[in-house]
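> curious how this folds, go ahead:
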Amino acid sequence: MDPPAPSPRPPAGDGAQPSERNRQRPRSALRGALGVAFPIAVSFLFSFLVGLAGLALGGLSSTASVSMPSTCRILSTD
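Numbering: from 1, shown residues only. As a prediction, this is how the structure comes out:
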């Protein structure tokens, strides 16, 4: 098995060029922001879809409720 080919660019650590390090900062900031924003967006989307499903299922129920006539008697203890 052949060894892996060497990387053409050095990693963005201490040995990297300053321009490489400057490019790496916005990428990591964007990645961090997406790492926070994505779960929040998915949570709102999931809540929205559950609400729509609830409205759709609520619309399927019958509007006329079935009721039975009842008689109320008030008993006094005089």
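
> helix or strand for Tyr54, which one?
Just so we're on the same page, residue 54 is Gly rather than Tyr. Secondary structure here is read from DSSP states H and E; on that basis Gly54 sits in helix 18-60.

> pLDDT on that helix, on average?
Helix 18-60 shows a mean pLDDT of 87.

> gap between Gly58 and Phe44?
Per CB to CB, to the nearest Å, Gly58 is found 21 Å from Phe44. For glycine as for every other residue, the C-beta is placed from the backbone atoms N, C-alpha and C.

> correction: Ala29
If you go by CB to CB, the gap between Ala29 and Phe44 works out to 23 Å.

> what about Gln24, neighbour count?
14 (other CB atoms under 10 Å).

> contacting residues for Pro39?
The contact partners of Pro39, taken as CB atoms under 8 Å, 6 or more residues apart in numbering, number zero.

> next: Gly58.
Contacts for Gly58 (CB under 8 Å, 6+ apart) come out as none.

> ok, now how distant is it from Leu49?
Here the distance between Gly58 and Leu49 works out to 15 Å (CB to CB).

> do the same with Phe38
The span separating Phe38 from Leu49 equals 16 Å under the rule CB to CB.

> now do Ser61
Here the criterion is CB to CB. By it, Ser61 lies 20 Å from Leu49.

> repeat that for Gly59.
Distance, Gly59 to Leu49, using CB to CB: 16 Å.

> and for Leu30?
Looking at Leu30 against Leu49, where the rule is CB to CB, the gap reads 27 Å.

> how about Ser28?
With the distance defined as CB to CB, Ser28 ends up 32 Å from Leu49.

> burial count for Leu75?
4.

> secondary structure class for it?
Secondary structure state of Leu75, per DSSP: H, G, I helix; E, B strand; the rest coil, is coil.
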